[in-house]
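Student: return a 3D structure for these sequence lines:
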Amino acid sequence: MTYFLENNTFTIVYRNCEKWMLDFHKQVMFILVIFIFFILHQQKKAKHKQRQTRDRKMQYRNQHNSAPCTEPLSRESAVEEPDIIVAGGGILGAAFATVMAKDGRKVTMIERDMKEPDTIAGEIVQPGGIKLLQELGLHDAIKGMDAAPIRGYCIKDLIFNMKSTLPLPLSENKEVIEAKGLHHGRFVMGLRKLAMAEPNVTVIEGNVTSLLEENACVIGVQYKDKEGGDVKKLYAPLTLVADGIFSNLRKSLISRKPQVTSQFTGVIMEVLPGLNITTLLSCSVKSRAIVMYPISTTETRVMVDTTGIQPRNLKNFLQEETYSYIPDHQKEAFLLGLQNDNLKSFPTRYVPAVAVDKPGVLVLGDAFNLRHPFTAAGMTIILNDIAIFKQLLQNIPDLYDDKAILKAKRQFYAIRKKKFSFVMNILAELIYKLFTATDESVIQIRKALIFRSSLSEEWSLKLSLQVAGLSTKPWTLIKVCLDIVLCAVYLSFKSEPWYTKPRAIFRIGVMLHRASALLLPLIFSELKHHDN
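Tutor: Numbers count the residues shown, from 1 in each chain. Here you go, the predicted model:
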């Protein structure tokens, strides 16, 4: 019996399986131990490589760092190694330098020309931007420059004689939360003065010609000093590309080229105190857009869409095409503005935000993301981007920590879509396309927008809050767009008598198709993660 139990097939198989299981457990334990040692070795190797990269950067800085060679206004430049290099001293560069300096970072800002810039873009700070200026400690930049209050928005279709007003909300003190119209150059100089007042900011007047790289990592910049004309190098753990809409540095980091969408020409009208407009007025005329807004208490900017037009005499063209649509009490001022003002034109561009994960560099502002200026969203988005990065970088004491910086970048790309960029980028492109449409179906949607906002002040407030940068929920924007489309469907169906309702149904189908073709690509572009 014992022999049978010891030699039967079942017992033999069982004992072999038991032995195999014991061997298997030993093999698994051995593999786990090897895997743990491998992970620890890789982590040690990565830390060693990061330490070597940091040592090389420090060695480069010690060997090659140049002292700033110009004195910003009356303040002397200190010869110090910066934590951050800011390439560009415009709205973004000056504001970012000030904010980082307040957080204890040593910043060197390199700007091509420290004189007041003369440009017609970026002349409105929306209420959301005013709020961000206060939060970032930059509100003094707009004091003393005769900035004009903007207390609401007005939209018109001058061909169909339709008009609607979009009010801005009231504060707790029952006062209108205003936007500000201002001279772009004066605002830039105000921000620069704040930057130069910070002990941690050094200003160099020079032209940044290229980024310095080693092992696919940006380690600094090369620039040409304006005073001496010498080519110098400056090294820092982090470099901000802030050289604006016509960025040269962007080309070395992002392959996607900006798309030119339109062209605008600007005129300044001198008006008497008390007679200036207090709204941002947007008009549609013969599929062209006209925008009017105050830039001081005695000046109004008129922006005329001149896309696809190259007249021999631009002044005559503006007089013939625009004069009749100017308010009566400002027509004389418009004619004087055409005669006295040096007309300026600029192309508008569209650039979706593209992720730049290269170590050692940040790309923000107009070099990073551009939308149409029709809704004046640019400065609000720039200030929001600074506020996001201010919070993220506060948790990174060592800017040589490329892994932490990369994590912060990816958090930034996600956060900005939820807060400002999704809503304001889509609105800017969408409203401009509605106001310059030639397609009959899209024109009907524009008429529905004006009609719907004139029916309900509560509904129009929802739209104005988004334009103002005070409401940044994507779903709210989508609901507003759906309301406009449904209103267009209702108006189209109502306008047809009973015996032509089938034609109305066909037109509604075309209208829905056109609306989808306008909105869905913009939503997809904002939701998509654009890799370089």
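Student: do you have the helices of the stretch 51-200 of the chain handy? List them.
Tutor: In the stretch 51-200 of the chain, helices defined by DSSP state H, counting those that start in this stretch lie at 91-102, 127-136, 184-196, listed in chain order.
Student: of these, flag the one that's most buried.
Tutor: A comparison of the helices of the stretch 51-200 of the chain by mean neighbour count, using mean count of other CB atoms under 10 Å, puts helix 91-102 on top with a mean of 26. The C-beta positions use only the backbone N, C-alpha and C, and glycine is treated the same way.
Student: which strands or helices does that one pack on?
Tutor: Counting contacts by 3 or more CB pairs under 8 Å, 6 or more residues apart in numbering; DSSP states H and E, helix 91-102 is packed against strand 84-87, strand 107-111, helix 127-136, helix 184-196, strand 201-214, helix 378-393.
Student: residue 117 is nearest to which of the helices of the stretch 51-200 of the chain?
Tutor: Closest of the helices of the stretch 51-200 of the chain to residue 117 is helix 184-196, at 4.7 Å (criterion: CB to CB).
Student: which strands and helices sit next to that closest one?
Tutor: helix 91-102, strand 201-214.
Student: a markdown table for these, including mean pLDDT?
Tutor: Shown next, in a markdown table, are the helices and strands packed on helix 184-196 (pLDDT from 0 to 100):
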| stretch | mean pLDDT |
| --- | --- |
| helix 91-102 | 96 |
| strand 201-214 | 94 |
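Student: among these, which is nearest residue 515?
Tutor: helix 91-102 (34.1 Å).
Student: which regions of the protein sit below the pLDDT cut-off?
Tutor: 1-80, 275, 310-311, 341, 529-532 (pLDDT under 70).
Student: state the three-state secondary structure for residue 464.
Tutor: Under the three-state scheme (DSSP: H, G, I helix; E, B strand; the rest coil), residue 464 adopts helix.
Student: now it: how far from residue 410?
Tutor: 33 Å (CB to CB, to the nearest Å).
Student: those two: which has the busier surroundings?
Tutor: Neighbour count, other CB atoms under 10 Å: between residue 464 and residue 410, residue 464 has more, with 22 against 12.
Student: contacting residues for residue 147?
Tutor: With contacts defined as CB atoms under 8 Å, 6 or more residues apart in numbering, the neighbours of residue 147 are 180, 181, 182, 296.
Student: dump the helices and strands packed on helix 91-102 to a markdown table, plus distance to residue 175.
Tutor: What follows is the helices and strands packed on helix 91-102, written out as a markdown table (distance: least, CB to CB, whole Å):
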| stretch | distance to residue 175 |
| --- | --- |
| strand 84-87 | 36 |
| strand 107-111 | 36 |
| helix 127-136 | 12 |
| helix 184-196 | 23 |
| strand 201-214 | 34 |
| helix 378-393 | 20 |
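Student: out of those, flag the one nearest residue 315.
Tutor: Set against residue 315 and scored by CB to CB, the helices and strands packed on helix 91-102 come closest in helix 184-196, at 22.6 Å.
Student: how about residues contacting that closest one?
Tutor: So helix 184-196 is contacted by 72-73, 75, 89-91, 94-95, 97-98, 101, 109, 111, 114, 116-123, 125, 138, 140-145, 201, 203 (CB under 8 Å, 6+ apart).
Student: and those residues, which of them are buried?
Tutor: Buried members of those, counted by 16 or more other CB atoms under 10 Å: 72, 89-91, 94-95, 97-98, 101, 109, 111, 114, 117, 119-123, 125, 138, 141-142, 201, 203.
Student: who's the closest residue to residue 454 other than its chain neighbours bridged to?
Tutor: In space, and not counting its chain neighbours, residue 454 is closest to residue 164: 4.1 Å by CB to CB, 6 or more residues apart in numbering. Under the criterion DSSP bridges, residue 164 forms beta bridges with residue 155.
Student: give me the neighbour count for residue 164.
Tutor: Other residues within reach of residue 164 by the criterion other CB under 10 Å amount to 18.
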